[in-house]
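K.L.:
A structural model of the following input is requested.
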Amino acid sequence: MTKHGRAMSERLRGFPNLAPYAGKLFALIALGFLVTSGQVVARETLLAGDEQGSGAYPATFEEDATLPAHVVYRPKTLAVLKGDKLGVYVFGNGACSADGTSSRNHLLEIASHGYVAIAAGVDPARHDAPPPAPQMANGQLSAPTKSSDLTDAIDWIMRENSRAESPYFGKIDTHQIAVSGWSCGGLQALTVAADPRIRTVVVMNSGVFNDNAMKISGIEVDKSALGRLHGSVLYVMGGPEDIAYKNGTDDFSRLSGLPAAMVNIPVGHGGTYMQPHGGIAAEVVVNWLDWQLKGRNAAGQRFQGADCGYCHDARLTFERKDIK
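P.N.:
Numbering: from 1, shown residues only. Below you'll find the model as predicted:
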């Protein structure tokens with residue numbers, strides 16, 4: 001653990017349910033690092049190269065003055081859509097970080113397949129000061145971003161689709177909206193998932209705390225939220241070594257009455273977010289979105305049928321409910 005992680009552990013002494021997460025949380029939020037295969041890897045190393053995604057629409061990202069405290073990922077050239085409309089993928093960062101580029105490769109990959117992906121937070125490279133770090137107060141860890149940031153992003157893209165002066169004017173399919181997030185960001189996604197505009201929820205390396213022991217200021221969600229989900233749900237977990245594994249698998253066991261799938265990729269809590277093209281997790285998410293939002297049968301075959309593409313994929317384990 002770094003000296004910063006040890007310092008946070010000292011601050012969390014007396015909060016035994018939070019202390020085991022101190023190193024990971026501090027690495028994910030305060031330092032803008034990622035936890036990968038048990039090692040802390042500098043984000044700048046993982047962001048090296050000219051990542052644009054592997055889809056038909058090479059992607060870029062930017063801050064937009066009309067949407068404060070968010071980073072928008074989109075196809076570089078909107079004119080190449082030629083009448084096709086973009087779906088929407090709104091994302092809460094790992095540890096609810098205010099670094100909107102902390103899962104950049106994952107989000108660029110999504111955008112390159114015909115989506116606008118919007119992350120809470122800012123692009124640190126465009127600011128003199130780093131994003132705010134988490135704080136402890138009254139026994140709770142404060143999240144630098146809010147769950148409402150995700151619905152703010154949906155509100156914004158809906159307005160932009162209707163605003164004649166916007167580059168997104170008429171280019172968004174407002175019936176193709178997904179909300180997602182990693183770890184703490186996954187809890188943000190579950191917090192807002194009852195929004196009727198949302199067609200599908202993608203929960204990544206996350207799940208509602210089974211014993212409600214870990215308190216995060218601004219995150220108000222418990223297991224009852226699972227009963228308010230609609231549309232469809234995908235859980236992408238990191239296997240038994242994922243610190244959120246028990247929470248996410250318990251969530252999945254409680255789901256009923258809607259199409260749901262769970263994929264476990266044996267990489268732990270750090271996922272594959274910053275691997276080239278977002279790694280296998282981004283591949284799974286793109287196929288889920290293309291099936292659930294765009295109705296593409298080829299993508300659906302990864303999840304449907306006795307011989308579905310992910311049913312026998314050695315890279316992961318796959319479970320499903322109410323999917324034939």
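K.L.:
rest of the way, CA atoms for contacts and neighbours
P.N.:
Will do.
K.L.:
so for the host helix or strand of Trp156, what gets flagged as buried?
P.N.:
Assigned by DSSP states H and E, Trp156 belongs to helix 148-162. Neighbour-count burial for helix 148-162 flags 148-154, 157-158, 160-161 (criterion: 16 or more other Cα atoms under 10 Å).
K.L.:
widest-spaced pair of those?
P.N.:
Ser148 and Asn161 (20.1 Å; Cα to Cα).
K.L.:
re earlier: who's in contact with the next helix or strand after the helix holding Trp156?
P.N.:
Using DSSP H and E, the helix or strand that follows helix 148-162 towards the C-terminus is strand 172-182. Residues outside strand 172-182 that contact it (Cα atoms under 8 Å, 6 or more residues apart in numbering): 85-95, 150, 157-158, 161, 186-189, 193, 197-206, 289, 293-294.
K.L.:
change it to 6 Å
P.N.:
With contact meaning Cα atoms under 6 Å, 6 or more residues apart in numbering, strand 172-182 is reached by 85-94, 161, 189, 198-205, 293.
K.L.:
cool, and stretch 144-157?
P.N.:
With Cα under 6 Å, 6+ apart, stretch 144-157 has contacts from 96-98, 188.
K.L.:
alpha carbons only: can I get that stretch in CSV?
P.N.:
Written as CSV, here are the backbone C-alpha positions of stretch 144-157 (Å, rounded to 0.1, in the frame of the first residue of the first chain):
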residue,chain,number,x,y,z
PRO,A,144,-16.6,13.5,-5.1
THR,A,145,-19.4,13.0,-7.6
LYS,A,146,-23.2,12.6,-7.1
SER,A,147,-25.7,10.1,-8.4
SER,A,148,-27.7,13.0,-9.8
ASP,A,149,-24.7,13.8,-12.1
LEU,A,150,-25.8,10.7,-14.2
THR,A,151,-29.4,12.0,-14.6
ASP,A,152,-28.0,15.5,-15.3
ALA,A,153,-26.1,13.9,-18.2
ILE,A,154,-29.3,12.3,-19.6
ASP,A,155,-31.2,15.6,-19.2
TRP,A,156,-28.4,17.4,-21.2
ILE,A,157,-28.2,15.0,-24.1
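K.L.:
just give me how far that stretch sits from the chain centre.
P.N.:
Between the centre of stretch 144-157 and the centre of its host chain there is 13 Å, according to Cα atoms, centre = their mean, to the nearest Å.
K.L.:
returning to that earlier point: which among the contacts of stretch 144-157 end up buried?
P.N.:
Among the contacts of stretch 144-157, the ones that count as buried by 16+ other Cα under 10 Å are 96-98, 188.
K.L.:
on that earlier part again, with the buried residues of helix 148-162 in mind, which one is nearest to Ala282?
P.N.:
Closest to Ala282, out of all of the buried residues of helix 148-162 and judged by Cα to Cα, is Leu150, at 19.4 Å.
K.L.:
spatially central residue in the protein, please.
P.N.:
By Cα atoms, centre = their mean, the mean C-alpha position of the chain lies nearest to Gly181, the distance being 2.4 Å.
K.L.:
thanks a lot, see you next time.
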